[in-house]
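Participant: Dropping a prediction and its sequence here:
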Amino acid sequence: MRVKILDHPLVSHKVTVLRDRETPSPQFRQLVDELVTLLAYEATRNIRVEPKTVRTPVTETEGVVMARPRPLVVPILRAGLGMLEGMTRLIPTAEVGFLGMARHEETLDIVTYAERLPDDLTGRQVYVLDPMLATGGTLIESIKFLRERGADHITCLCILAAPEGMKALSEGVEGMKNVDLFLAAQDERLNEKAYIVPGLGDAGDRLYGLAD
Ligand SMILES: O=P(O)(O)OC[C@H]1O[C@H](OP(=O)(O)OP(=O)(O)O)[C@H](O)[C@@H]1O
Ligand SMILES: O=c1cc[nH]c(=O)[nH]1
Ligand SMILES: [Mg+2]
């Protein structure tokens, strides 16, 4: 598994504001949207293109366009939904599939409660969106799911990750070729409730939770 952590002062600035418990939901959503654009710029370097000839007003020239089959973007509900618009703004022609997964607060077991994906993903490049990689259980489960359908190359975009989850993920996908992970920041550890430290709390609640 290839891991890339963005190293950019603008990213660090946005992550810091995102962490701040005083940052309200509307600003939190805006920051997630901005961060995913920056992450997506790096994470889509591997996007497949094919040659295309175009006629400019001046002459004919060789360029490239995105290859077929189109890439598939998969936000992991609920928190991953906050990353979808930023991603599709960059790749408007991508197809979007959905996976709804939640980890049980105490057992940390992953429950897959929704799935809307093409049956056959043979040869497809897939971009998985989930802001938090904590124990890694959710991402491992989703990658296995996508692999079983034939996905060819899976790139995960996360905002924060704990080292424990990164290790579990790399062991969990060992032997699987073509799995990449892009992060805005790597955090210190997990706490006793498997929350990321220092983290940003519960991403789903901060994006979509009811205001106090
Ligand atoms: O690496 P893990 O230990 O599996 O934890 C990470 C998962 O936890 C969060 O989702 P959550 O289960 O809270 O669901 P939500 O998005 O509906 O809040 C987060 O968005 C990840 O999907
Ligand atoms: O810190 C964490 C861990 C899992 N899910 C979250 O939303 N935050
Ligand atoms: Mg949650």
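Facilitator: Nice, thanks for sending it over. Numbering: from 1, shown residues only. Ligands and ions are numbered 1, 2, ... in the order given.
Participant: Report the mean confidence score over the top helix by length along the chain.
Facilitator: Using DSSP state H, we find that the single longest helix of the chain is helix 25-43. For helix 25-43, mean pLDDT is 97.
Participant: elements contacting that helix?
Facilitator: Contact here means 3 or more Cβ pairs under 8 Å, 6 or more residues apart in numbering; DSSP states H and E; on that basis helix 25-43 packs against helix 9-19, helix 84-90, strand 125-129, strand 153-161, strand 179-186, helix 203-208. Backbone N, C-alpha and C define where each C-beta goes, glycine included.
Participant: Excluding sequence neighbours, find me the nearest residue to D152.
Facilitator: G123 (5.1 Å; Cβ to Cβ, 6 or more residues apart in numbering).
Participant: What count of nearby residues applies to that neighbour?
Facilitator: Counted with other Cβ atoms under 10 Å, residues neighbouring G123 total 12.
Participant: Format the helices and strands packed on helix 25-43 as a markdown table; extra columns: mean neighbour count and distance to ligand 1.
Facilitator: Output for the helices and strands packed on helix 25-43, formatted as a markdown table (neighbours: other Cβ atoms under 10 Å; distance: least, Cβ to the nearest ligand atom, whole Å):
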| stretch | mean neighbour count | distance to ligand 1 |
| --- | --- | --- |
| helix 9-19 | 15 | 14 |
| helix 84-90 | 18 | 13 |
| strand 125-129 | 26 | 10 |
| strand 153-161 | 25 | 8 |
| strand 179-186 | 22 | 12 |
| helix 203-208 | 18 | 2 |
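Participant: can you tell me how far the residue lying farthest from the centre of the chain sits from ligand 3?
Facilitator: Most distant residue from the mean C-alpha position of the chain: V58, 40.4 Å away (Cα atoms, centre = their mean). In this view, V58 and ligand 3 are 53 Å apart by Cβ to the ion, to the nearest Å.
Participant: helix, strand or coil for that residue?
Facilitator: Three-state assignment for V58 (DSSP: H, G, I helix; E, B strand; the rest coil): coil.
Participant: Where does the prediction get shaky in this structure?
Facilitator: Where the chain drops to pLDDT under 70, the residues are 210-212.
Participant: how about the residues of it near ligand 2?
Facilitator: Counting by Cβ under 6 Å from any ligand atom, the chain comes close to ligand 2 at 79, 132, 134, 195-196, 199, 202-204.
Participant: before we move on, back to that, touching, the residue nearest to D152 and N178? I think so.
Facilitator: No - counting by Cβ atoms under 8 Å, G123 stays clear of N178, with 11.5 Å between them.
Participant: and for those two, which residues touch both?
Facilitator: Residues touching both G123 and N178 (Cβ atoms under 8 Å, 6 or more residues apart in numbering) are D152.
Participant: still on that earlier bit, possible to save the helices and strands packed on helix 25-43 as JSON lines with distance to R48?
Facilitator: JSON lines is the format used below for these (distance: least, Cβ to Cβ, whole Å):
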{"stretch": "helix 9-19", "distance to R48": "26"}
{"stretch": "helix 84-90", "distance to R48": "15"}
{"stretch": "strand 125-129", "distance to R48": "6"}
{"stretch": "strand 153-161", "distance to R48": "9"}
{"stretch": "strand 179-186", "distance to R48": "14"}
{"stretch": "helix 203-208", "distance to R48": "30"}
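Participant: List phi and psi for the residue nearest to D152.
Facilitator: As for G123, its main-chain torsions (degrees, to the nearest 10) stand at phi 80, psi 10.
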